[in-house]
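>>> Sequence plus predicted model, see below.
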Amino acid sequence: MSSNAEAGGSPGLATRKLFRLPDYDYAQAGWYFVTVCTWNHECLMGTVSAGEVQLNQTGQTAAACWRQIPEHFPRVTCDVFCVMPNHLHGIIVLSGENTPSQKPNSTSLSVIVGTFKATVSRRAPHTGYERDGVSGKGRTTSTSSARRRT
């Protein structure tokens, strides 16, 4: 994998693969299958025991935040979703168009997913982690940074 610094990002971080279609408007009406992974695929949202996913408080917070997405985005309906220990799969349904009072792309898929990730990061307990604005290890599904407590 190439370095993120080569792509204009932070040095030392691997470049993420983006599975987005170029020139596609992700604010248009449609059904979107979304996967959100934890940082470094760490099992921060639960465990698997006897073939069953056991969500911890962070996983339960992620599930609750997912269910609340339509309360914050009127054009959005959330269909089925599944929280796993290190990722979440879900279907987001966008209907209609942005109204004139809404900013262009205010309900684009990236805005919805980014808001979800930030909300989970703020609300979830981070056992062994502390949010301090320092880029580093231990980041959860959020775009904000965290580092291990010492």
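That came through, no problem.
>>> quick one: contacts for Val53?
46-47, 59, 83-85 (C-beta atoms under 8 Å, 6 or more residues apart in numbering). Yep, even glycine has a C-beta here, placed from its N, CA and C like the rest.
>>> Ok, Thr107 next?
Taking C-beta under 8 Å, 6+ apart as the test, what Thr107 contacts is 27, 73-76, 94, 98.
>>> Need the pLDDT of it.
At Thr107, the pLDDT value in this model is 82.
>>> Just the endpoints, please. Distance across stretch 25-36?
End-to-end distance for stretch 25-36: 20 Å, by C-alpha to C-alpha, to the nearest Å.
>>> So what touches it?
So stretch 25-36 is contacted by 20, 75, 79, 87-98, 104-110, 113, 116-117, 141 (C-beta under 8 Å, 6+ apart).
>>> since we're on Glu97, how many residues are nearby?
When counting by other C-beta atoms under 10 Å, one arrives at 12 neighbours for Glu97.
>>> sec struct for it, please.
coil (DSSP: H, G, I helix; E, B strand; the rest coil).
>>> in the chain, which spans are helices?
For the chain, helices defined by DSSP state H occupy the ranges 57-72, 109-123.
>>> Any regions of this structure where pLDDT drops low?
Residue ranges of the chain with pLDDT under 70: 1-17, 98-105, 126-150.
>>> Ile92 contacts Cys78, doesn't it?
Yes - the pair Ile92 / Cys78 is scored as a contact, 6.1 Å apart, by C-beta atoms under 8 Å.
>>> what about those two, which has more around it?
For the pair Ile92 and Cys78, the greater number of neighbours falls to Ile92 (23 against 18), based on other C-beta under 10 Å.
>>> Now the more buried one. Nearest residue, chain neighbours left out?
Tyr32 (4.8 Å; C-beta to C-beta, 6 or more residues apart in numbering).
>>> Number of residues surrounding the one you found?
Neighbour number of Tyr32 under other C-beta under 10 Å is 15.
>>> again, but for Thr35
11.
>>> quick one: it from Glu71, how far?
Remark: distance between Thr35 and Glu71 (C-beta to C-beta, to the nearest Å) = 22 Å.
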